[in-house]
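*Asks:* Build the 3D model from these lines:
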Amino acid sequence: MALFKPKAAQVQVDFDHLPRHVAIIMDGNGRWAKRRGLPRTAGHAAGAETFRTIATYCQKIGIEYLTVYAFSTENWKRPLEEVSAIIGLLKKYLLESIEKMERDKIRLHFFGDLEALPPELRELTVRTDDISTHYDGMQVNVCFNYGGRDEIVRAARAFAAECAAGMKDPAQLTETDFSGYLYSAGIPDPDLVIRPSGELRISNFLLWQSAYAEFYYTDVLWPDFSKEELNKALAAYQSRSRRYGGV
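*Replies:* Numbers count the residues shown, from 1 in each chain. Got it, this is the predicted structure:
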């Protein structure tokens, strides 16, 4: 049962039958800024506010899991000023989250290789993970320094190491077992993957987990992605028949 029902949505959404897990590729920040004659860093700041708005809305309507693609393993190739701005926004959000997680009962978890982050940021991610263990509310997963292929390779290495140590039998490996080696272990696969900004690709995001997800694409740039746009994605999702390879 949804915790909150908007009074007047532009599209018809059944808020009592929502996807459990929504994943979003937060794309288009740089183009949003360029169109306004602003530095790309301004686009990322605007995108961070959109993330805050959408995460809060997801909690209100009853989404259980929200996973967002914040920074890929390839994004380190971007200009230093832009990378520094993104890391600065992450720090700001983490500090705010630590204050609000107890009040809002939102769990915050990270997918990705966090060893590349400054020590202070790594400590903050550990703190948010620890706080999250005390609550049962909505979980927000932030993919930072994350790549789907990298995640699968890391999982394969971990499994191979256990096989070499005599702890596992390769012949007994199942898809469910392998999922337990991923960053998303214990979390249901996404039902709906949303890609704003007009790009029609997955960009190395949740490659294993999105095998049977429904995809929704929109030309709206991420900083302009509103609650109404999310409603459109939810309505589109609910109009589809998920057969998982069946008839």
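*Asks:* List the contacts of residue 230.
*Replies:* 54, 57, 58, 194 (CB atoms under 8 Å, 6 or more residues apart in numbering). Placement of C-beta: from N, CA and C, glycine included.
*Asks:* Can you name the residues that contact the second one?
*Replies:* Which is residue 57. Residues in contact with residue 57 (CB under 8 Å, 6+ apart) are 227, 230.
*Asks:* among the contacts of residue 230, which are in helices?
*Replies:* 54, 57, 58 (DSSP state H).
*Asks:* Is the last one in contact with residue 68, as I believe?
*Replies:* No. With contact taken as CB atoms under 8 Å, residue 58 and residue 68 are classed as non-touching, separated by 10.3 Å.
*Asks:* Give me the common contacts of those two.
*Replies:* By CB under 8 Å, 6+ apart, no residue touches both residue 58 and residue 68.
*Asks:* Other residues contacting the lowest-mean-pLDDT helix or strand in the chain?
*Replies:* Counting by mean pLDDT, DSSP states H and E, the chain has its least confident helix or strand at helix 80-104, which shows a mean of 83. For helix 80-104, the external contacting residues (CB under 8 Å, 6+ apart) are 30, 40-41, 44-45, 48, 51-52, 59, 70-71, 75-76, 106-108, 117-118, 120-121, 124-125, 127-128, 131-132, 135, 137, 142, 144.
*Asks:* Filter the residues you listed down to the ones in strands?
*Replies:* Within the contacts of helix 80-104, residues falling in strands by DSSP state E are 70, 71, 107, 108, 142, 144.
*Asks:* May I ask which two of those residues are separated the most?
*Replies:* Greatest spatial distance among the ones in strands among the contacts of helix 80-104 (CB to CB): 71 and 107, at 19.9 Å.
*Asks:* More neighbours: which of those two?
*Replies:* Between residue 71 and residue 107, counted using other CB atoms under 10 Å, the more crowded position is residue 71 (23 against 20).
*Asks:* Identify the residue nearest the more buried one in space, chain neighbours excluded?
*Replies:* residue 144 (4.7 Å; CB to CB, 6 or more residues apart in numbering).
*Asks:* Of the contacts of helix 80-104, grab the buried ones for PyMOL.
*Replies:* Typed into PyMOL, the line below selects the buried ones among the contacts of helix 80-104, using 16 or more other CB atoms under 10 Å:
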select buried, resi 30+40+41+44+45+48+51+59+70+71+75+106+107+108+117+121+124+125+127+128+131+132+142+144
